[in-house]
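# Sequence plus predicted model, see below.
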Amino acid sequence: MFSSLKPSVLRTEIASWTGVPPLPKTGMRMRSGLKRTAFYPTIGRFAQEWKLHNSYLKPDAIGDPLEEYWATRKAAGQWDVTGEEVIEIAGPDALQLMDELVPRDLTRLKDGHCLYCVMCYDYGGIVEDAVLVRFSSERLWWVGGPGFSEQAIYARALGRNVTVQSHLDDIHVASLQGPLSREILQGVCEADLSRIAFYGAAETKICGVPATITRTGYTAELGYDIYVNVRHGARMFADLWDAGRPHGVKLAGSRALDIRRMEAAILNFGHDFDWQHNPYDIGLGWMVNAGKPFFTGKPALDRLPPEARQPRLVGLRFEGDVLGETGDKVRLERGELGILTSAVHSPTLGFGIGIAMLDRPGLAVGTRLTVMRGERSLAATTVAMPFFDPERKLSKA
C-alpha cells in the first residue's frame with residue numbers, strides 16, 4: 001500500500017496509522033445483488049432487453065437500438081446510466097489526496113469544472129478511468145464505473161483529514177445526449193446552461209428537484225449527465241422525458257449507447273482495457289504529466305522505454321458486411337497479434353468498425369489485418385481513432 005510514497009510521506013503515513021480504519025463504516029461495500037434504479041418506474045414500462053451493470057438492472061434496449069441511436073444524433077436520447085458510481089472525497093486533504101492518485105495536474109482544475117482522468121496502481125496499471133468533478137478543493141467527485149476506485153482512494157486516505165464515500169446506492173445518474181439536449185434541459189433547469197462550458201458542472205434544480213449536472217457523456221454528442229438523489233429520481237426522470245418527447249427524445253438503452261461511443265472511440269473499462277494496461281497502452285499517455293513530482297505509479301511509468309510508450313489499442317475498419325466479435329483473434333500475416341475488444345456497424349459511417357488490443361505497440365495506420373470469426377477470416381485495416389468527429393466539435397458545440 002505504501003510502496004510508491006516518498007520516504008517523508010511514507011514516514012508520516014506510518015506514524016499516523018493506528019490499525020483502525022480512519023473512515024466511518026458505511027455498511028457492506030461488496031457490490032452484489034440485482035437492484036432496480038430510481039428511474040425504473042419509467043424505464044421498466046418500456047425496456048425490452050436488460051443487462052446488469054455494477055449491481056443494477058439496466059436497459060440494454062428500449063426498442064430498436066438503431067432508432068434510439070438516430071434519435072440521439074438528430075434530437076436527443078435519454079438514458080439511465082446508474083452504475084456510474086459517484087465517490088465523494090471531502091475534507092481539507094481532498095485535493096492533495098486525489099492529485100497524488102492521478103497522473104494529471106489537478107491543481108489547475110477550477111471549481112465547477114471536470115476532468116477526464118485515469119487512476120493508476122503502483123505498478124502503472126490502470127485502476128479505472130473516470131470523470132473527476134471539483135466543487136471545491138475540499139470536495140470532489142470521482143465518477144467511474146465498476147472498477148476498484150473506492151478501495152484505491154480509501155487505501156491512500158489513511159491518516160489524512162478526508163472522508164471517502166460511495167454514493168452508488170443513493171445518487172443515481174441520468175443522461176440526456178444529443179444536439180437538442182441543451183434546449184430541452186434548459187426548459188426544466190434553473191441554471192443558465194449557456195454558462196456551463198464543455199466539462200463544466202453545476203448544482204441546481206432539474207424538474208423542480210435538487211440535482212447536479214455535468215456537461216459530459218458517453219456519446220461525444222452535446223449532452224449532460226444528471227445526478228439526483230434516489231428520493232427524487234423517479235419524478236425527475238419521468239418529468240424530463242415528458243419535457244423531451246415533443247422534441248423527438250427517445251428513451252435509449254446500452255446498445256444504442258455502445259454504437260455512439262464506439263464511433264467516438266470512447267473506451268469501455270473492463271472491455272477495451274483493464275488493470276493489466278497502463279495509460280500509454282490505451283492511447284492516454286498524454287495524461288501522464290512527466291514533470292509532476294509524484295503520483296501513484298510514476299516510478300513504474302517513468303521506467304518504460306520509449307518504444308513501450310505507444311498505444312497498443314488500434315482502430316479497425318472492416319472491409320465486408322460481417323463484423324468480428326469481442327475476443328476474436330487478430331492476426332498479422334500468419335501470426336496472432338492480439339484480440340478484438342469491441343466492434344459495431346457505424347450507421348453514420350456506413351461500415352463496420354472495431355477496437356483491438358495488440359500484443360505490441362506502434363502498429364501503423366493502414367496495416368491490413370485478419371480477424372478470425374470462428375473459422376472465417378475477416379479482412380480489416382487499421383485506421384485512426386476516433387472514427388467520427390475526431391475534434392469533438394459536436395460535444396463542444
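Cool, got the structure.
# CA atoms only: put the strand or helix carrying His172 into CSV for me.
Using DSSP states H and E, His172 sits within strand 171-177. Taking C-alpha atoms only, strand 171-177 is exported to CSV below (Å, rounded to 0.1, in the frame of the first residue of the first chain):
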residue,chain,number,x,y,z
ILE,A,171,-27.2,9.1,-6.1
HIS,A,172,-28.5,7.8,-9.5
VAL,A,173,-27.4,9.1,-12.9
ALA,A,174,-29.5,10.0,-15.9
SER,A,175,-28.1,11.3,-19.2
LEU,A,176,-29.6,13.5,-21.9
GLN,A,177,-27.4,13.4,-25.1
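# Now do that strand: everything it contacts.
37-39, 72, 76-84, 86, 143, 184-185, 217-219, 221-230, 233, 236-237, 240, 244, 249, 260 (CB atoms under 8 Å, 6 or more residues apart in numbering). In short, each C-beta sits where N, CA and C put it, glycine included.
# quick one: buried residues of it?
Neighbour-count burial for strand 171-177 flags 171-177 (criterion: 16 or more other CB atoms under 10 Å).
# Likewise for stretch 263-274?
Residues 263-269, 272-273 are the ones in stretch 263-274 that count as buried (16+ other CB under 10 Å).
# out of the contacts of strand 171-177, which are inside helices?
Among the contacts of strand 171-177, the ones falling in helices (DSSP state H) are 72, 184-185, 230, 233, 236-237, 240, 244, 260.
# Checking Gln96 next. Helix, strand or coil?
helix (DSSP: H, G, I helix; E, B strand; the rest coil).
# Contacts only, for it.
Listed by CB under 8 Å, 6+ apart, the contact set of Gln96 reads Arg160.
# Would you mind measuring from it to Phe294?
11 Å (CB to CB, to the nearest Å).
# May I ask which helix or strand encompasses Met357?
strand 351-358.
# Save the buried residues of stretch 263-274 as TSV, and put in distance to Ile213 too.
Shown next, in TSV, are those (distance: CB to CB, whole Å):
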residue	distance to Ile213
Glu263	24
Ala264	20
Ala265	25
Ile266	19
Leu267	23
Asn268	23
Phe269	23
Asp272	27
Phe273	28
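# what ranges do the helices span in the stretch 1-150 of the chain?
Using DSSP state H, counting those that start in this stretch, the helices found in the stretch 1-150 of the chain span residues 7-16, 40-43, 65-74, 94-101, 149-156.
# Mean pLDDT lowest where, among those?
Mean pLDDT per stretch puts helix 7-16 lowest among the helices of the stretch 1-150 of the chain, at a mean of 42.
# Surely Gln310 touches Gly362?
Yes: shown here, Gln310 and Gly362 form a contact pair, counting by CB atoms under 8 Å, at 4.3 Å.
# before we move on, the earlier item: quick one, which of the helices of the stretch 1-150 of the chain gets closest to Pro305.
For the helices of the stretch 1-150 of the chain, proximity to Pro305 was assessed by CB to CB; helix 94-101 is nearest, at 25.0 Å.
# How far away from the center of its chain is the closest one?
Once both centres are worked out by CA atoms, centre = their mean, to the nearest Å, helix 94-101 turns out to sit 19 Å from its chain's centre.
# Identify each buried residue in it, please.
For helix 94-101, by 16+ other CB under 10 Å, it's 94-95, 97-101.
# can you redo these as a markdown table with distance to Asp389?
As requested, the buried residues of helix 94-101 are exported to a markdown table (distance: CB to CB, whole Å):
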| residue | distance to Asp389 |
| --- | --- |
| Ala94 | 35 |
| Leu95 | 33 |
| Leu97 | 35 |
| Met98 | 30 |
| Asp99 | 31 |
| Glu100 | 34 |
| Leu101 | 31 |
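# quick check, nearest of these to Arg373?
Leu101 (40.0 Å).
# Would you check how far apart that closest one and Asp169 are?
Distance, Leu101 to Asp169, using CB to CB: 23 Å.
# Partner strands of the strand holding His172 and their direction?
Its sheet considered, strand 171-177 pairs with strand 77-80 (antiparallel), strand 223-229 (antiparallel) by DSSP bridges.
# Deepest-packed of these, please.
strand 77-80 (a mean of 30; mean count of other CB atoms under 10 Å).
# Quick check: next helix or strand after the strand holding Met357?
Per DSSP H and E, the first helix or strand lying C-terminal to strand 351-358 is strand 368-373.
# How about the following helix or strand past that next one, which residues are buried there?
Later in the chain than strand 368-373, the nearest helix or strand by DSSP H and E is strand 376-383. Going by neighbour count (16+ other CB under 10 Å), the buried part of strand 376-383 is 378, 380, 382.
# And stretch 381-394, by the same measure?
So for stretch 381-394, counting by 16+ other CB under 10 Å, buried means 382, 385-388, 394.
# Same check on stretch 339-357?
Buried-residue list, stretch 339-357, by 16+ other CB under 10 Å: 339-344, 346, 352-357.
# That stretch: how far from the chain's middle?
For stretch 339-357, the distance to the chain centre is 19 Å (CA atoms, centre = their mean).
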